[in-house]
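**Student:** Got a sequence here, can you model it:
(chains A, B, C and D)
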There are 2 protein chains.
Amino acid sequence: MSEDRKLAVLRAIVEDYVATEEPVGSKALVERHGLGVSPATVRNDMAALEDEGYIAQPHTSAGRIPTDKGYRLFVDRLTTLKPMSGGEKRAIATFLEGALDLDDVVHRSVRLLASLTRQVAVVQYPTLSRSTVRHIDLIALSETRLLLVLILSTGRVEQRVIELDAALDDEQLSTLRNGVLGAAVGQRIEDAAVALTALGEDRRLPDPLPTSSVVTAICEAMSDHRSDERIVVGGTANLARFGDHFDSAVRPLLEALEEHVVLLHLLGEAHTGGALTVRIGHEGPYQELAATSVVATGYGPGDEALGTLGIVGPTRMDYPSTMAAVRAVARYVSRILDEA
Amino acid sequence: MSEDRKLAVLRAIVEDYVATEEPVGSKALVERHGLGVSPATVRNDMAALEDEGYIAQPHTSAGRIPTDKGYRLFVDRLTTLKPMSGGEKRAIATFLEGALDLDDVVHRSVRLLASLTRQVAVVQYPTLSRSTVRHIDLIALSETRLLLVLILSTGRVEQRVIELDAALDDEQLSTLRNGVLGAAVGQRIEDAAVALTALGEDRRLPDPLPTSSVVTAICEAMSDHRSDERIVVGGTANLARFGDHFDSAVRPLLEALEEHVVLLHLLGEAHTGGALTVRIGHEGPYQELAATSVVATGYGPGDEALGTLGIVGPTRMDYPSTMAAVRAVARYVSRILDEA
DNA sequence: CATTGGCACTCAGTGTTAGTGAGTGCCAGT
DNA sequence: ACTGGCACTCACTAACACTGAGTGCCAATG
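**Tutor:** Below you'll find the model as predicted:
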């Protein structure tokens, strides 16, 4: 019994099952792939694969389907990413090219990813922690209320209303603004926070009281991890393809998609080192998502991951093309953000 | 045959059907509601209601279910909105109270609406056209690229990158910024556009070329209806309740939710005059959404509708409570926005 | 010793059939 | 105008046998 052929059989099973969504039997397998051996031989291989836990039988008299472990092996050793066709590449490029601002880039990316993979796509906004401050604005809404606008190098714009304890006149405001600007612009978020805190104690600025409350508000806005939770989801309609399996696949996924924290967690564990990560079924921490896989990767200029993007779908998915698509989109997004 | 009782029968049918999701028969009806007449009598009424098109029979030997026309009558004449309980009111208030900025208000509203109604909630951002300009900022990204930040009275922040034909130094930029600010701040969007266009021809500002290109960019950002399409959807997981009816109810809805244009259209036709609008099943323009209803209303201070919010769900829904919830949320949102 | 053809066995899925019961429409009686 | 009675309809369910794709095992083969 050749080890190579056993792997070929596994590959064939995965491919067929993904294509047909039906347990694949020995005969059909031999016919569709030119394995050059008889069904009986394949049956022996299958029995071995089953013993080793790579495939399973839904019922005694049915064909085999891959287990999570089977998919894992397939992804790790039997797969070379299908390169995108020239047309697809161009489509990606032009589609992303037209984006006007960061929001637009993010939204276009989800749509693109969703339509390329025909799965549910998820894109995280660039994390705050890796960005530098490009501009800070303080706008008077009333005597005691300011609107803080924080613009980051990645193009993210955060806003926040600040309530002051005491009134602030125009001149004080402008001194304050200049002080804050001088201290923070160009710095990475963490450094800016430090610089600002120092500023809070500087006596030359308007009465320490408003200054420090503004400063703490800014720091809060910068560190608030609620802001790091920003995520956009798209392609939910693709779930319609899995109308059967509603309870096992669609329902839990719909619920997870509402919980951005869960999503972030799913993506988050993924993007270590900018490499493409695949999480298959039960490998994840969520019982309910045992029937879904995540394909994700970091994006951002160089190796530094600004954020994560990827797709979520049923374990039974076309990994080679999905992985290729995710990687391709991540690359293009990185490039776009680099230019901007 | 009393006309009043016929209506009572219709009401009872609607209520029972909404509660049980099963065709309701004459006997069960008499038992559950104290109608004080015999099943046979009710059957006669039912026959009449069926002739008039208010109810229908799925099959000859089954009970009746309301038609769209039946729901319509129910909503128009047989319904008084269930007032929210004190607890619910307080919950709404405190939940919305904590919002930090407009994004937050909008997102909290969807969540709230979704959980109150257990339906899919949709909230449109305040339209640009009704807002006034609170602040405009021009930030140099490079010599020939500006970041335009447009802050509106409603709290909306729009951003846009502007490419310039010629370089602009700091001083020119600041003159330009002041000019733009002076012309636009405090104006309604349309007026601001006019004022800015005039400014574009003012010779005292930096070389007409950059000025006018900045001006047109701003006007574009202000009039761009892509920006008016901003919509947030939530509570998709509630679709899980309709797992059966997947093809008739869930799938088309999932698809519609992806198409924000369609959603806007659905909501948009709704909110004339701030009144609560209910669109039932086939009354809408979309064939595929024949099994879904929309309950929507405008929100905003006074009678002026800044935007629309509402829910989308199956025709078979609890209209009285849903309508009450939508109205209540709209009121609270209006109040919050008014304060800000 | 890996491979193969043959064979008995399993069992999900599909009709078919008959029985059940909730519900209806109609009619004659109050 | 309402009601009780009655015959009728028809979706749904359970029971049953049948079919066929697929399996495991074994003895034969190169």
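
**Student:** what's the distance between the nearest residue to A:G284 once chain neighbours are set aside and A:T277?
**Tutor:** Distance criterion Cβ to Cβ, 6 or more residues apart in numbering or on different chains; nearest residue to A:G284, sequence neighbours excluded, is A:L266 at 6.5 Å. To be clear about C-beta, it is placed using only N, CA and C from the backbone, and glycine gets the same treatment. Using Cβ to Cβ, to the nearest Å, A:L266 is found at 10 Å from A:T277.

**Student:** intersection of neighbour lists for the two?
**Tutor:** Between them, A:L266 and A:T277 share these contacting residues under Cβ atoms under 8 Å, 6 or more residues apart in numbering or on different chains: A:V294, A:A296.

**Student:** quick one: which of these two has more around it?
**Tutor:** More neighbours surround A:L266 than the other of A:L266 and A:T277, with 23 against 20 (other Cβ atoms under 10 Å in any protein chain shown).

**Student:** average model confidence for stretch A:216-226?
**Tutor:** What stretch A:216-226 shows for mean pLDDT is 77.

**Student:** List the buried residues of it.
**Tutor:** By 16 or more other Cβ atoms under 10 Å in any protein chain shown, the buried positions in stretch A:216-226 come out as A:A217, A:I218, A:C219, A:A221, A:M222.

**Student:** Report the contact partners of A:V106.
**Tutor:** Taking Cβ under 8 Å, 6+ apart, one finds A:V123, A:Y125, A:V232 in contact with A:V106.

**Student:** What strand or helix carries the residue nearest to A:G284?
**Tutor:** helix A:260-268 (DSSP states H and E).

**Student:** so what does that helix touch, helix or strand wise?
**Tutor:** Where contact means 3 or more Cβ pairs under 8 Å, 6 or more residues apart in numbering or on different chains; DSSP states H and E, helix A:260-268 is packed against strand A:120-124, strand A:231-234, helix A:251-258, strand A:292-299, strand A:307-314.

**Student:** Now do the same for A:E97: its pLDDT.
**Tutor:** In this model, A:E97 is scored at 88, pLDDT.

**Student:** now do A:R177
**Tutor:** For A:R177, the pLDDT comes out at 86.

**Student:** Phi and psi next, for it.
**Tutor:** With angles defined as degrees, to the nearest 10, A:R177 sits at phi -60, psi -50.

**Student:** do A:I139 as well
**Tutor:** The phi/psi pair for A:I139 (degrees, to the nearest 10) is phi -120, psi 130.

**Student:** need the contact list for it.
**Tutor:** A:L146, A:L147, A:V149, B:R134, B:H135, B:I151.

**Student:** what's around whichever residue of the stretch 1-150 of chain A sits closest to DNA strand C, how many residues?
**Tutor:** As assessed by Cβ to the nearest atom of the strand, DNA strand C sits closest to A:S61 within the stretch 1-150 of chain A, at 2.7 Å. Counted by other Cβ under 10 Å, the residues lying close to A:S61 total 7.

**Student:** near DNA strand D, which residues of the stretch 1-150 of chain A?
**Tutor:** A:23-28, A:39-40, A:43, A:46-47, A:50, A:57, A:60-64 (Cβ under 7 Å from any atom of the strand).

**Student:** what about 10 Å?
**Tutor:** The stretch 1-150 of chain A has residues A:13, A:16, A:20, A:22-31, A:38-51, A:55, A:57, A:59-64 near DNA strand D, with proximity defined as Cβ under 10 Å from any atom of the strand.

**Student:** Show me the residues you listed that map onto helices.
**Tutor:** A:13, A:16, A:20, A:26-31, A:39-51 (DSSP state H).

**Student:** Just the buried ones from these?
**Tutor:** If we count by 16+ other Cβ under 10 Å, these have these buried: A:I13, A:D16, A:S26, A:A28, A:L29, A:V30, A:T41, A:V42, A:R43, A:D45, A:M46, A:L49.

**Student:** Using the three-state scheme, assign A:L168.
**Tutor:** Three-state call for A:L168 (DSSP: H, G, I helix; E, B strand; the rest coil): coil.

**Student:** what do you get for A:L148?
**Tutor:** For A:L148, the assignment made with three-state DSSP gives strand.

**Student:** what's near enough to touch it?
**Tutor:** Shown in contact with A:L148 (Cβ under 8 Å, 6+ apart): A:I136, A:D137, A:L138, A:E158, A:Q159, A:R160, A:V161, A:I162, A:V214, A:A217, A:I218, A:A221.

**Student:** Looking at the residues you listed, which one is closest to A:T322?
**Tutor:** A:E158 (32.6 Å; Cβ to Cβ).

**Student:** Any chance of the helices and strands packed on helix A:260-268 in CSV with distance to B:S85 and mean pLDDT as columns?
**Tutor:** Listed next are those as CSV, based on distance: least, Cβ to Cβ, whole Å; pLDDT from 0 to 100:
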stretch, distance to B:S85, mean pLDDT
strand A:120-124, 36, 96
strand A:231-234, 33, 94
helix A:251-258, 25, 92
strand A:292-299, 38, 94
strand A:307-314, 38, 94
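
**Student:** Those: which one's closest to A:V333?
**Tutor:** For A:V333, the closest of the helices and strands packed on helix A:260-268 is strand A:292-299, at 4.8 Å, according to Cβ to Cβ.

**Student:** Need the three-state assignment for the closest residue to A:T154 other than its chain neighbours.
**Tutor:** Leaving aside its chain neighbours, A:T154 sits nearest to A:P126 (3.9 Å; criterion: Cβ to Cβ, 6+ apart). Judged by three-state DSSP, the three-state class of A:P126 is coil.

**Student:** how much space between A:G313 and A:I280?
**Tutor:** In terms of Cβ to Cβ, A:G313 sits 11 Å off from A:I280.

**Student:** any shared contact partners between the two?
**Tutor:** Taking Cβ under 8 Å, 6+ apart as the contact rule, A:G313 and A:I280 both touch A:S293.

**Student:** which of the two has more neighbours?
**Tutor:** Ranked by neighbour count (other Cβ under 10 Å), A:G313 and A:I280 place A:G313 first, with 27 against 23.

**Student:** Go through chain A and flag its longest helix.
**Tutor:** Per DSSP H, chain A has its longest helix at helix A:319-339.

**Student:** where does the stretch 51-200 of chain A dip in pLDDT?
**Tutor:** Applying pLDDT under 70 to the stretch 51-200 of chain A picks out residues A:200.

**Student:** Could you rerun that using 80?
**Tutor:** A:100, A:129-130, A:166, A:198-200 (pLDDT under 80).

**Student:** Show me which residues of it sit near DNA strand C.
**Tutor:** Within the stretch 51-200 of chain A, the residues that sit near DNA strand C (Cβ under 10 Å from any atom of the strand) are A:Q57, A:P58, A:H59, A:T60, A:S61, A:A62.

**Student:** For the spatially closest residue to the first one that is not a sequence neighbour, grab the count of nearby residues.
**Tutor:** Here the nearest residue to A:Q57 in space, its sequence neighbours aside, is A:R64; by Cβ to Cβ, 6+ apart that works out to 5.8 Å. Using other Cβ under 10 Å, A:R64 has 26 other residues around it.

**Student:** what about A:R64, distance to chain B?
**Tutor:** A:R64 sits 28 Å away from chain B, going by Cβ to the nearest Cβ, to the nearest Å.

**Student:** just A:A62 next, same as before
**Tutor:** A:A62 is 25 Å from chain B, by Cβ to the nearest Cβ.

**Student:** Test my guess that that residue contacts A:S26.
**Tutor:** No: if you go by Cβ atoms under 8 Å, A:A62 and A:S26 don't touch, sitting 11.7 Å apart.
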